[in-house]
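**Q** Below is the sequence, then the predicted model.
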Amino acid sequence: MSIRLRRTYFSHISQGIVSNEILTIINNEKIPKEDLVASFLKAMPMEIPTEKGTMIINVMNTKALEEILRFLEKEGRIDIKGGKIRRLK
């Protein structure tokens, strides 16, 4: 597996894990977007135990986290209005 392919693979896995965590946190509440972004960036890096060791996920900046939020909105999983985020599905 080439390095570029491996990076893409782990990038998609990381985005999926962070997306799942965001959806879990939102649940059925309306949460201010700025508070969600700030709390996630403060909590980084995330350490996830796996069979072969520990996987570390680090969302480096606001831009990367907002990209994940845009993806979730495009997929119809969340709604962002008036600076607040709510879960749809």
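**A** Cool, the structure landed. Numbering: from 1, shown residues only.
**Q** Report the central residue of this protein.
**A** Val18 (2.9 Å; C-alpha atoms, centre = their mean).
**Q** Go ahead and list the helix or strand containing it.
**A** In this structure, Val18 is located in helix 3-26 according to DSSP states H and E.
**Q** As a check, name the ranges of all helices in the chain.
**A** All helices of the chain, identified by DSSP state H, fall at 3-26, 33-43, 62-74.
**Q** Now mean pLDDT too, for those, in TSV please.
**A** Listed next are the helices of the chain as TSV, based on pLDDT from 0 to 100:
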stretch	mean pLDDT
helix 3-26	85
helix 33-43	91
helix 62-74	93
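**Q** Out of these, which is closest to Pro49?
**A** Smallest distance to Pro49 across the helices of the chain (C-beta to C-beta): 12.5 Å, for helix 3-26. Using the backbone N, CA and C atoms, a C-beta is placed for each residue, glycine as well.
**Q** Centre of the chain to stretch 3-19, how far?
**A** Averaged C-alpha coordinates place stretch 3-19 at 12 Å from its chain's average position (C-alpha atoms, centre = their mean, to the nearest Å).
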